[in-house]
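Engineer: Provided below for reference: sequence and predicted model.
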Amino acid sequence: CFARNAHTGLVNAFILEPKTLPGWSVCKMENKTGMRVVQNGDITLEGVVVPESSRLPGATDFAAATSALAASRLVVAWQPVGMAMGIYDACLRYLCERTQFGAPLAALQINQEKLMRMLGTIQGMILMAWRVTRMAENNKATPGLASLTKATLTMRGREVASLGRELLGGNGIVHDFHVAKVFNDMEAVHTYEGTYEVNMLIAAREVTGIAAFKPRIQSTTNNSRSKL
C-alpha cells in the first residue's frame, strides 16, 4: 500500500502482511452488479504499526505511485476492447440466428447499421490500444497518455455495450444472453483505476501544464473590481 511518511512528508510504498499485523481486518464487498468475478474488500487498519523493514526502498515519493497507476491503466485499457469484441460476437450470432416475420433480425437495415457502428468503434479501440502499448514498450508512453487511453476506450466500450443491449431487445437485460452481464462489467471498468473524469484531467494537465483537479482559491485581499 501507499502511505505518507510522517517524517519526510513524502508518499512511500509498503508491503503489508495481514497475519503479522494486529488491527488489520477486511470485509468482502457484497451485492456487486459488475465484475463479480473479482473479489473486492474494504480494508480497515486500526492502530496498525508497520515496521521499517516493510517499506519498499525504491518507492520514495508519489512518482512511484503514479508510475504504477500508469502501467496498470494501460493494462486495464485493453479490457473494454475484449469486452466490446465479445458483445459484438454475441450480437452478430443473435441477429443471424433469430428470425422474425420469416427473416433473420440481421436482415433489418437499422440492426445492420448498429452492428457496423459497433464494429467500426471496436476497430478504433484496437488501434488506439495497440499503438499506445507499442509506445510503452519503447518507453515513450507518458502517464497522461495512459490515462487518456484508458478513459477513451472505456467510454467507447460503453457505447458498444449500449448498442449491443439495444440489439438484443428484451433479451438484452437477461444474463442468459451474456450482453447484460458484460454491460455491467463495462460500467465497473469505466470507473476503476481512476474515473473517466479524473483520467481526462490527468491527460489534460500533461497537455496544458495546468492542473484542474480543484478550483484555485482566490485571495480575499484582492479588492479589484470587474470592468464588465
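Structural biologist: Alright, I've got the coordinates.
Engineer: tell me the contacts of residue 65?
Structural biologist: 2, 11, 13, 59 (C-beta atoms under 8 Å, 6 or more residues apart in numbering). C-beta coordinates here come from the backbone N, C-alpha and C atoms, glycine included.
Engineer: Narrow the residues you listed to those that are buried.
Structural biologist: 11, 13, 59 (16 or more other C-beta atoms under 10 Å).
Engineer: Scan the protein for its longest helix.
Structural biologist: The longest helix of the chain (DSSP state H) is helix 62-97.
Engineer: So what touches the helix or strand bottoming out on mean pLDDT in the chain?
Structural biologist: Using mean pLDDT, DSSP states H and E, strand 2-4 stands out as the lowest-scoring helix or strand of the chain, at a mean of 80. Contact with strand 2-4 is made by 10, 11, 12, 13, 14, 50, 59, 64, 65, as judged by C-beta under 8 Å, 6+ apart.
Engineer: Spit out the contact partners of the third one.
Structural biologist: Residue 12 sits next to 2, 3, 4, 5, 55, 56, 59, 60, 61 when contact means C-beta under 8 Å, 6+ apart.
Engineer: Of the residues you listed, which pair is most distant in space?
Structural biologist: Greatest spatial distance among these (C-beta to C-beta): 4 and 56, at 14.5 Å.
Engineer: What mean pLDDT does whichever helix or strand comes after the least confident helix or strand of the chain get?
Structural biologist: Sequence-wise, the next helix or strand downstream of strand 2-4 (DSSP states H and E) is strand 11-13. Across strand 11-13, the average pLDDT comes to 85.
Engineer: go on, stretch 178-194?
Structural biologist: Stretch 178-194 comes out at a mean pLDDT of 91.
Engineer: Okay, buried residues for that stretch please.
Structural biologist: Buried, per 16+ other C-beta under 10 Å, within stretch 178-194: 178-183, 185-190, 192-194.
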